[in-house]
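K.L.:
Pasted the sequence and its predicted model underneath.
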Amino acid sequence: KTADQDKYWAFYAGDTFNLSRKLTLNLGARVDLQGNWTERYNRIVALNPTETSPLLAMSTAVGSAFPNLKGGYDLVASSRHPSRSPFPNWNHVSPRLGISYQLDQNTVIRTGYGMFYLPVDLRWNDAPHNLFINSYTDPWLVAQSDGVTPKATLSNPFPGGVTEPLQRNQSAIDVQGVGNSAAPPFTKSPYMQQRNLDVQRQFKGDLLLDVAYAASKGTDLPMHSQDIDQLQAQNLPQSATDVTHLTSLVPNPFAGNCTGCTGPVQSGNIGTNATAKVAQLLLPYPQFDDFSYAEYDNRSSSYNSMQLKVVKRFTAGAQVLASYTIAKLIDNTNNEINWLEAASPSWGDANAYNLKGERSLDGFDVSQRLVIGSIVDLPVGQGKLIGKNVNGLTDKFIGGWGINTIVTFQKGFPIIVGGCPGDRKSTRLN
């Protein structure tokens, strides 16, 4: 197990100023001092997409075929990444502003603005306990003859021994080709900006009307996993002939864990097969099955809404509240717990080179919603229509009861339209 740590300090100061009988100003500021993920024994890696690949020094065949090969995973607290954290700490000041103005005796106008930075622990995919160097899953191995019979049995479930996690073994990390991910060192600080404008008016007959505009904008939001190892535009197939060429097999200079293989890579499809698809070797990082940023903060969101509320109170002790919202939520990222979303969109991008093309309605978007609630006090008990003369003990049992109702109407969640064969990966060309 790992010994994760994430230090967080915050300070807040605010005050309210009555500038006049009608005008009130509220000012505040929050200082966030967010430490980054650390681990007691520095079992963390950072993804470096621009460094010279360490494989070049291990294999002349790789160096000859890919002299400009880039990309690797660097252990923290090492010569390749001196810091104990994968990216710098987040220290920020978040302003708060609120203004209230009484237009007349029955009308109040309010507006506000606030900035809110997201905490580091929201990024659970790059937490130390989730990194590939701190866990290992032994794959299900079957006999080649039928593809079903397991090689291992319950009496000997690990005939080759239990594989230990890589942890701080940099030389072993450098020769892993299986699809992994980690945070890059240039990760930004995600934040939200919220603003609203509200007009509230009290009418005769205990009728209240409230109309508001509420909006938020997300900047540098995280994506659970962002694949950066996709075919570039000039290598995409334009014809059936191109597809045949890209899916054809050629000698694999990276493979080192298969019969007759002499390459440096020891895991993944790229490390255990003597041949590879042409498309695989045309990827920006061909030495990996996949190469992905974990929780990279380069996404955005926008939310805009009109919110209407009507409250009617009756003298008999009844009250009716109706609220109506029309809104739109657009983004190019997904929830960190997307399996709980109504539309359950998947993580990842069809085209990592055009993130604007990923913008769409969020899986939680509800364009219209109407909620009607009511409270009715039953006329039972002391002083009421029924039982007005009962004693105190009886009143405790039969008095004070009411009926509450809530009815909700809303439009449905967005529907995912599928059919695309996948992203621009070599294994998805079909």
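P.N.:
Yep, that arrived.

K.L.:
State which strand of this structure is the longest.
P.N.:
strand 291-313 (DSSP state E).

K.L.:
what's the burial count for His92?
P.N.:
13 (other Cβ atoms under 10 Å). C-betas here are computed from N, CA, C, even on glycine.

K.L.:
Considering only helices and strands, which part of this structure has the lowest mean pLDDT?
P.N.:
Here the helix or strand of the chain ranked lowest by mean pLDDT, DSSP states H and E is helix 392-398, holding a mean of 83.

K.L.:
what's the following helix or strand after it?
P.N.:
Once helix 392-398 ends, the next helix or strand along the chain (criterion: DSSP states H and E) is strand 402-410.

K.L.:
What lies in contact with that next one?
P.N.:
Residues outside strand 402-410 that contact it (Cβ atoms under 8 Å, 6 or more residues apart in numbering): 317, 366, 368-378.

K.L.:
Recalculate using a threshold of 7 Å.
P.N.:
Contact partners of strand 402-410, identified using Cβ atoms under 7 Å, 6 or more residues apart in numbering, comprise Val366, Gln368, Arg369, Leu370, Val371, Ile372, Gly373, Ser374, Ile375, Val376, Asp377, Leu378.

K.L.:
what's the host helix or strand of the fourth one packed up against?
P.N.:
What it means is Leu370. Here Leu370, judged by DSSP H and E, is contained in strand 368-377. With contacts taken as 3 or more Cβ pairs under 7 Å, 6 or more residues apart in numbering; DSSP states H and E, strand 368-377 sits against strand 319-331, strand 402-410.

K.L.:
and Ala318, what does it touch?
P.N.:
Ile375, Val376, Asp377.

K.L.:
wait, Ala255 sits on Gly271?
P.N.:
Yes. The pair Ala255 / Gly271 is scored as a contact, 5.6 Å apart, by Cβ atoms under 7 Å.

K.L.:
shared neighbours of the two, anything?
P.N.:
With Cβ under 7 Å, 6+ apart, Ala255 and Gly271 have common neighbours Val265.

K.L.:
What residues of stretch 163-180 count as buried?
P.N.:
Neighbour counts over stretch 163-180 (16 or more other Cβ atoms under 10 Å) mark Leu166, Gln167, Arg168, Gln170, Ile173, Asp174, Val175, Gln176, Gly177, Val178, Gly179, Asn180 as buried.

K.L.:
What about those, which are in helices?
P.N.:
Judged by DSSP state H, the subset of the buried residues of stretch 163-180 located in helices is Gln170, Ile173.

K.L.:
Count the neighbours of the closest residue to Val380 other than its chain neighbours for me.
P.N.:
Of all residues not flanking Val380 in the chain, Ile386 sits nearest, at 4.6 Å (Cβ to Cβ, 6 or more residues apart in numbering). Ile386 has 11 neighbours, counted by other Cβ under 10 Å.

K.L.:
before we move on, back to that, hmm, which of the contacts of Ala318 are the buried ones?
P.N.:
Val376, Asp377.

K.L.:
Partner strands of the longest strand of the chain and their direction?
P.N.:
strand 180-182 (parallel), strand 207-227 (antiparallel), strand 319-331 (antiparallel) (DSSP bridges).

K.L.:
Can I get the last one as CSV, trimmed to CA atoms?
P.N.:
Same thing as strand 319-331. Coordinates of each C-alpha in strand 319-331 appear next as CSV, following Å, rounded to 0.1, in the frame of the first residue of the first chain:
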residue,chain,number,x,y,z
GLN,A,319,-48.0,27.6,1.0
VAL,A,320,-47.3,26.8,-2.7
LEU,A,321,-43.8,27.2,-4.3
ALA,A,322,-43.1,26.7,-8.0
SER,A,323,-39.7,27.0,-9.5
TYR,A,324,-38.8,26.8,-13.2
THR,A,325,-35.3,26.6,-14.7
ILE,A,326,-34.2,26.7,-18.3
ALA,A,327,-30.5,26.0,-18.7
LYS,A,328,-27.7,24.6,-20.8
LEU,A,329,-24.4,23.0,-19.7
ILE,A,330,-21.7,22.5,-22.3
ASP,A,331,-18.2,21.2,-21.8
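
K.L.:
That'll do, ta.
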